[in-house]
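Q: Can you look at this prediction? I've put the sequence above it.
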Amino acid sequence: MPQMQYKAMDENGRTSAGVVEAANAADLEMRLSRMGLDLINFKERSAKRSGGTIPRREMMGFTFHLEQLITAGVPLVDGLVDLRDSTESARMREVMAGMVESIEGGKTLSGAMEEHPQVFDDVFVNLVKAGEFSGQVGEVLRSITENLKWQDEQAEQIKKLLMYPSIVGVVVTGVVFFLMSYLVPQLVAFIENMGETLPMHTQVLIMVSDVFVNYWYLVLITPVLGFIGLLTLIRLSPSVAYTVDALKLRVWVIGPLMKKIILARFANYFALMYASGITVLECIRVIEGLVGNRAIQEATHRAGRHISDGASISAGFEYAGLFPPLVLRMLRVGENTGALDVALKNISYFYERDVRDSMARMQTLIGPAMTVVVGAVLFWVIISVLGPIYDLITKMKF
């Protein structure tokens, strides 16, 4: 069905624009009228669905209000219409309008969500599908809301962790650039005029300063080009992408923290889906595409394949070879007690708390570490400059 880019007006005279799938102008006008809009003009776009994700905070509001309406007994279509008419986001209004049309055409809520993969990921769709099967859509939506809150908290923690070192890193880079490109050349001219044999560390300082002065553009461009080249290789070569993701998990300090974040996300998704009645193998299949690291994705795939061959859940993940003993032990306890979802939630809680504590410690240490780096550079400059001057003074006879 073609997409129509429209401009319309509501009953208060406010204009809005968007994109809606419609067979023709009459169909478009009918769809807009259901949204409380009067068509002004339109043009047909390509069949490609309009893109754009929905902010997490907005998705939290959507799931919360939809869960409240369903729990209160409001019919699904009426609830979606109410949400569509009350939202201020044109993109969200477009998505909900499409969902209303799909449900009125005979599709389920999960089926309508599947038509918008950029908004509703596989976990979201599968959870809603399980809720429809068990008759507990409201409970599932409540769980999804809690999960979105957890994701939002994780994102905020990561932002806090990265913001301070990024700012300090820029400042340190600026200081080093100033020292090497301006201050050191001023001092070097004086040192070289003394006619003394310069020590090795002073010669190295002069060489580094010359690179900054004469090839400053390479100093700035090389890291950028290297980063772009690496991204291109990752995109074109699966083996390079796998190697880079595996190395990320072994980088000093950052690697273990990243692995804990991924394992917390893995356990949280697994617990959420398993508690909703989704089978273990289906949970693993969905999680594979959500962990965000190819090394762990491949390990999860190996575990799923081993489990499908008849192994226990804990044995399958032990066979994968990438999951720590804590995860394996908790999975084994969950299997033996019949409370796998509780064991997975405990794993998620443990790693979430560990990540939070680790981030707090790192934020505390980043400031002193950056100070040491700047101090070391300044010490090198001072020793390299003042050392020859001191040697010359000691040789003078008064």
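A: All right, it came through fine.
Q: where does the chain have low pLDDT?
A: By pLDDT under 70, the low-scoring segments of the chain are 1-3, 21, 23, 45-52, 190-197, 391-393, 395-398.
Q: Could you tell me which helix of it is the longest one?
A: When every helix of the chain is counted residue by residue (DSSP state H), the longest turns out to be helix 340-395.
Q: name the helices or strands packed onto that one?
A: Using 3 or more C-beta pairs under 8 Å, 6 or more residues apart in numbering; DSSP states H and E as the contact criterion, the neighbours of helix 340-395 among helices and strands are helix 137-178, helix 184-192, helix 200-214, helix 254-275, helix 325-337. Backbone N, C-alpha and C define where each C-beta goes, glycine included.
Q: Need the ones you listed in JSON lines (columns: distance to Glu88).
A: Shown next, in JSON lines, are the helices and strands packed on helix 340-395 (distance: least, C-beta to C-beta, whole Å):
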{"stretch": "helix 137-178", "distance to Glu88": "19"}
{"stretch": "helix 184-192", "distance to Glu88": "55"}
{"stretch": "helix 200-214", "distance to Glu88": "50"}
{"stretch": "helix 254-275", "distance to Glu88": "29"}
{"stretch": "helix 325-337", "distance to Glu88": "42"}
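Q: Could you say which of these is packed most deeply?
A: Of all the helices and strands packed on helix 340-395, helix 254-275 carries the top mean neighbour count, a mean of 21, counting by mean count of other C-beta atoms under 10 Å.
Q: what packs against it?
A: Right, helix 254-275 is packed against helix 122-134, helix 137-178, helix 238-248, helix 280-288, helix 294-308, helix 340-395 by 3+ C-beta pairs under 8 Å, 6+ apart.
Q: Mind putting those helices into a markdown table with distance to Gly316?
A: Conversion of the helices and strands packed on helix 254-275 to a markdown table gives the following (distance: least, C-beta to C-beta, whole Å):
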| stretch | distance to Gly316 |
| --- | --- |
| helix 122-134 | 20 |
| helix 137-178 | 24 |
| helix 238-248 | 20 |
| helix 280-288 | 8 |
| helix 294-308 | 4 |
| helix 340-395 | 13 |
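Q: closest to Met59 out of the ones you listed?
A: Met59 lies closest to helix 137-178 among these, at 5.8 Å (C-beta to C-beta).
Q: Give me the helices and strands touching the closest one, please.
A: Counting contacts by 3+ C-beta pairs under 8 Å, 6+ apart, helix 137-178 is packed against helix 56-71, helix 122-134, helix 254-275, helix 340-395.
Q: between that helix and helix 122-134, how big is the angle?
A: 170 degrees (axes from the mean of the first three to the mean of the last three C-alpha atoms, to 10 degrees).
Q: Mind telling me what element Val20 is part of?
A: Secondary-structure assignment from DSSP states H and E places Val20 in strand 15-21.
Q: In CSV, list the C-alpha atoms belonging to that strand.
A: Extracted in CSV, the C-alpha atoms of strand 15-21 (Å, rounded to 0.1, in the frame of the first residue of the first chain):
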residue,chain,number,x,y,z
THR,A,15,-2.1,22.1,11.2
SER,A,16,0.0,18.9,11.4
ALA,A,17,1.9,16.8,8.9
GLY,A,18,2.8,13.2,8.7
VAL,A,19,2.9,10.0,6.7
VAL,A,20,0.1,7.4,6.5
GLU,A,21,-0.4,4.3,4.3
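Q: Report the strands that pair with that strand, each with its relative direction.
A: Based on DSSP bridges, the strands next to strand 15-21 in the sheet, each with its direction, are strand 3-10 (antiparallel).
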